[in-house]
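Trainee: From the sequence below, what's the structure:
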Amino acid sequence: MRLAILALDGAFDTGVTVLLDTFSTANELAAAQGFASPPFDVTLIGVRRRIRTALGFSTPVEPASSVHQPDWVVVPALNAKQPERLIEALERRDVRDAMAHLRTWHADGVGIAAACIGTFVLAEAGLLDQGEATTTWSLAPFFRQRYPAVKLDDSRMLVASGRVVTAGAMMGHLDLALWLLRQSSPELAALVARFMLIDKRSSQAAYIIPDHLAHADPLIAQFERWARANLSRGFSLQDAASALAVGTRTLQRRTEAVLGKSPLAFFQDLRIERAQHLVSIGYDLEKIASEVGYADPATLRTLLRRRLGRGVRELRAEMR
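Mentor: Below is the predicted model of the structure:
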């Protein structure tokens, strides 16, 4: 498999090195397993002859225009974690040039992939329009606002939509690398995961910090404060809207637009977050259920396992 890693100035150092290290490890293990030749031909490319990473390291790259047509082009994240900085980065000349190359490769049938904030480069190039995608959960509200034509599901760690693949936040670069490995050899991918201690993460939902997302919009921030104060009472859309002096439809639409979910779903997220914290500090499950508005502790126990993939015992063990 011919892979081209398209790195740009200000690239997230870990994103670039995770991709390079994972495929290098795969080639080394393949040789040890008796492969006749390295299964991955990896080239670091750019729109200039050198790039400077976010931490200031300078490295030479192959010019994108001179690279023989690869099977996949992978875009690591830009290290621009705030919307204002990201907008500036997306408007840079080198990033615009990279988008032109990506559109050409995509039209020629080359697979295109990106992780974390690299997904914004694909979306800005129009390669995600009308398709499904994920992105870093921390910028999901901004992504929805800027790219309404993309069907975003930021709860997922990885989304394959045709010949375009997107992965979630930061260490989603690992998940993306393993996905690409599996396209060549599922057995080799499993071996690499064991050597590199990579856990399988099908979702990034358990890592999302609800109040971080809520602060992307003033009304949602107010709703979050109301919800946290009313977790033990249970959810009422009418009560929430009345407390915020807006109509129920306004609150419903704004929550969907910013968070990609209903007010009730966001309320449930806050319940789970609070319950997880109380479990970790040793509260009795019956007391926790009462604190977050559940009459039946068994219901809460089932919900925690379904949403977090771990039961009460595992959650407590993690905090020891």
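
Trainee: so is R144 in a helix, a strand, or just coil?
Mentor: helix (DSSP: H, G, I helix; E, B strand; the rest coil).

Trainee: all numbers from here: first residue = 5
Mentor: Noted, 5 is the first residue going forward, which turns the last one into R148.

Trainee: And it, what's its pLDDT?
Mentor: Here, the pLDDT recorded for R148 equals 93.

Trainee: neighbours of it, just the number please.
Mentor: Look at R148: counted by other Cβ atoms under 10 Å, it has 19 neighbours. Every residue, glycine included, has its C-beta placed from N, CA and C.

Trainee: Touching, it and V262? I think so.
Mentor: Yes - using Cβ atoms under 8 Å, R148 is in contact with V262, at 7.0 Å.

Trainee: what pLDDT, on average, does the helix ranked longest in the chain get?
Mentor: Criterion DSSP state H: the longest helix present in the chain is helix 17-36. Averaging pLDDT along helix 17-36 yields 95.

Trainee: Stretch 73-90 too?
Mentor: 95.

Trainee: Counting neighbours, show which residues of that stretch come out buried.
Mentor: 74-84, 87, 90 (16 or more other Cβ atoms under 10 Å).

Trainee: Which members of these are the farthest-apart pair?
Mentor: D75 and P87 (33.1 Å; Cβ to Cβ).

Trainee: Enumerate every residue touching the residue sitting nearest the centre point of the chain.
Mentor: In the chain, the centroid-proximal residue (Cα atoms, centre = their mean) is G172; its distance is 1.6 Å. Contact analysis of G172 by Cβ atoms under 8 Å, 6 or more residues apart in numbering lists 119-120, 138-141, 158, 160-162, 179, 208.

Trainee: Kindly report the same for M174.
Mentor: So M174 contacts 16, 18-19, 81, 120, 140 (Cβ under 8 Å, 6+ apart).
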